[in-house]
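Visitor: output the structure for:
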Amino acid sequence: MQKEKKWFLAVVVIVVVAAVSSIVTYAVTKHKMSTGEIYLKNDSYAELMQYYELKNVREILAEHYAEEISDARQETLVQGAVGGMMRALGDGYSAFYTAEEYDAYFDEQLDGSFIAQGMLLEWNESTGYPVVRQVFADTAAYEAGISAGDTILSVEGKSTYGKEIGITLGYIRGVEGTSVTLRLKRGAQEKEQTLVRTEAAVQVVYTGTATDKAGYIRIVEFTGNCAEELAAALRSMQEEKAEALVLDLRGVRGGYIREAAEAANLLLDKGQIATSVRQGQEGMRWESDAEVESTLPVVVLTDGATSGVAEVFAAALQDRGRAQVAGQTTRGQAASTAIFKVPSTGSMVKLVTAYYVSPNGRQIQGQGVAPDVALELGDGSAEAEVALLAEAAALVLSE
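Guide: Numbering: from 1, shown residues only. You can find the predicted model right below:
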């Protein structure tokens, strides 16, 4: 009985101490809050200060900026800050979309393609605007007289400055038969150009000759029917009795991993093409089967703009000993992305969720694919291109 009494007293003491401690903590916290003081753990304090920095900058703007900042503009500033946060990740993919932009202009089915109405766009980091890299024949852009090198300043009055390129593409894309007006800059001149939207299919694989013995295949993007078009191109090279192939991936930025894997499968026998890795753990795996469309020796041309799944394709052929890579080290942006909704506002963020790894275990993101043979790519003139293709072809014809 005496033992039970001791246990009961011990429990009572613990309960009383806990209650008193809670009351004291509550009283102290309430007092500190009433005086404007509150204590936080180091990590919580640092996080809070980051939010206060944003708040303080907004207050400085409100007090000292030359113009009055409206509530609507305040919202735009916050959105710009979030967009800047995504860009500051520096991975080349992560981006921010307002709910309105995402609903009206972003198409997840087309995310990865840089083509809109017959224009292949690329981001000009120095100006902050998208620029036309290529115009395809018999498309809306071609009919409107848009040329490679044109900078797109706005679409339907909406500025493209600093916009994630997927949004600019969304501005341009639309229902067949409708019109869209672009403000372009060509050299020092600015002008408006209206084009009528069409649904014309764009060819993404082109063939030609590198030399009298070597065929030439140019891939624009790993989108659409790329693998199917590449298969047809490889068959045509066989029929034309080519002894080797120059496969040009210079400047290729856009595309889908499934198309790149299917394209690589045409040239590789059974084995690994690529894997995705997130936080050190393997995710998806892409493999080639035993069927090969062409056994011709291949050299893959790359430059500093070659990126994304084009790098995955080049690395797979290089690691598996199927092709030499020649030219320049690629951009080093090869990642898998996903879209996430921000619960508080309905806006969306696109984030890198995994990186692609080559068959030999190389992570391409941040490193790129180094060429087996470095080549000077020339100035882009017709003469320089002829010399470059001949030099590339010689690498595999001599084997």
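Visitor: what average pLDDT does stretch 162-171 get?
Guide: For stretch 162-171, the mean per-residue pLDDT is 90.
Visitor: distance between it and the chain's centre?
Guide: Its chain's average C-alpha position is 12 Å from that of stretch 162-171, according to CA atoms, centre = their mean, to the nearest Å.
Visitor: so which bits of that stretch are buried?
Guide: Buried residues in stretch 162-171, defined by neighbour count with 16 or more other CB atoms under 10 Å: 163-171. Every residue, glycine included, has its C-beta placed from N, CA and C.
Visitor: in helices, which of those fall?
Guide: In this view, the buried residues of stretch 162-171 that belong to helices under DSSP state H are 165-171.
Visitor: let me know the closest of those residues to F96.
Guide: Closest approach to F96 among those (CB to CB): I167, at 9.8 Å.
Visitor: residue contacts, that closest one?
Guide: Contacts of I167 were listed using CB atoms under 8 Å, 6 or more residues apart in numbering, and they are 97, 101, 105-106.
Visitor: which two from these end up farthest apart in space?
Guide: Every pair of the contacts of I167 checked by CB to CB; the farthest is Y97 and Y105, at 8.1 Å.
Visitor: who has more neighbours out of the two?
Guide: Y97 (26 against 21; other CB atoms under 10 Å).
Visitor: go through the lengthiest strand in the chain and flag the buried ones.
Guide: Across the chain, the longest stretch assigned as strand under DSSP state E is strand 348-357. Using 16+ other CB under 10 Å as the test for burial, strand 348-357 gives 348-357.
Visitor: in TSV: those, plus pLDDT.
Guide: Formatted as TSV, the buried residues of strand 348-357 follow (pLDDT from 0 to 100):
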residue	pLDDT
M348	91
V349	91
K350	91
L351	91
V352	92
T353	93
A354	94
Y355	95
Y356	96
V357	96
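Visitor: what's the local residue count around D103?
Guide: Neighbours of D103 under the rule other CB under 10 Å: 11.
Visitor: just the element for it, please.
Guide: helix 99-105 (DSSP states H and E).
Visitor: pLDDT on whatever helix or strand comes next after that helix, on average?
Guide: Going down the chain from helix 99-105, the next helix or strand is strand 115-116, by DSSP H and E. Mean per-residue pLDDT for strand 115-116: 94.
Visitor: and the closest residue to L234 other than its chain neighbours, how far is that from L247?
Guide: Nearest residue to L234, sequence neighbours excluded (CB to CB, 6 or more residues apart in numbering): S294, at 4.2 Å. Going from S294 to L247 by CB to CB, to the nearest Å gives 10 Å.
Visitor: hmm, E287 is touching Q272, no?
Guide: Yes - E287 lies in contact with Q272 (CB atoms under 8 Å); the separation is 5.5 Å.
Visitor: higher neighbour count, those two?
Guide: A side-by-side neighbour count of E287 and Q272, using other CB under 10 Å, places Q272 first with 18 against 15.
Visitor: surely that one is in a strand?
Guide: Yes - the assignment for Q272 is a strand, going by DSSP: H, G, I helix; E, B strand; the rest coil.
Visitor: which residues touch V155?
Guide: Contacts of V155 (CB under 8 Å, 6+ apart): 168, 171-172, 180-183.
Visitor: now the residues you listed: which count as buried?
Guide: Listed as buried from the contacts of V155 are 168, 171-172, 180, 182-183; burial here means 16+ other CB under 10 Å.
Visitor: which of these sits closest to V196?
Guide: V180 (8.2 Å).
Visitor: may I have the strands that pair with the helix or strand hosting the closest one, each with its orientation?
Guide: For V180, the element it lies in under DSSP H and E is strand 179-186. Strand pairing for strand 179-186, using DSSP bridges, gives strand 151-155 (antiparallel), strand 189-196 (antiparallel).
Visitor: buried residues in the helix or strand following the longest one?
Guide: Using DSSP H and E, the helix or strand that follows strand 189-196 in sequence is strand 205-209. Within strand 205-209, the residues that qualify as buried are 205, 207, counting by 16+ other CB under 10 Å.
Visitor: check which helices and strands the helix or strand following strand 205-209 is in contact with.
Guide: Toward the C-terminus, strand 205-209 is succeeded by strand 214-219 as the next helix or strand (DSSP H and E). In terms of contacts (3 or more CB pairs under 8 Å, 6 or more residues apart in numbering; DSSP states H and E), strand 214-219 is packed against strand 205-209, helix 226-239, strand 244-248, helix 382-397.
Visitor: need the distance between the two termini of stretch 102-122.
Guide: Its first and final residues considered, stretch 102-122 spans 20 Å by CA to CA, to the nearest Å.
Visitor: now do it: distance to the chain's middle.
Guide: Using CA atoms, centre = their mean, the offset of stretch 102-122 from its chain centre is 12 Å.
Visitor: measure the residue nearest to K158 when sequence neighbours are not counted to A233 for me?
Guide: Take K158 and drop its neighbours on the chain: the residue closest to it by CB to CB, 6+ apart is Y171, 5.9 Å away. Look at Y171 and A233: by CB to CB, they are 33 Å apart.
Visitor: do G145 as well
Guide: Taking CB to CB, one finds G145 at 29 Å from A233.
Visitor: go on, L317?
Guide: 15 Å.
Visitor: same question for S70.
Guide: To A233, S70 is 56 Å away according to CB to CB.
Visitor: out of those two, which sits in the more crowded spot?
Guide: A233 (23 against 9).
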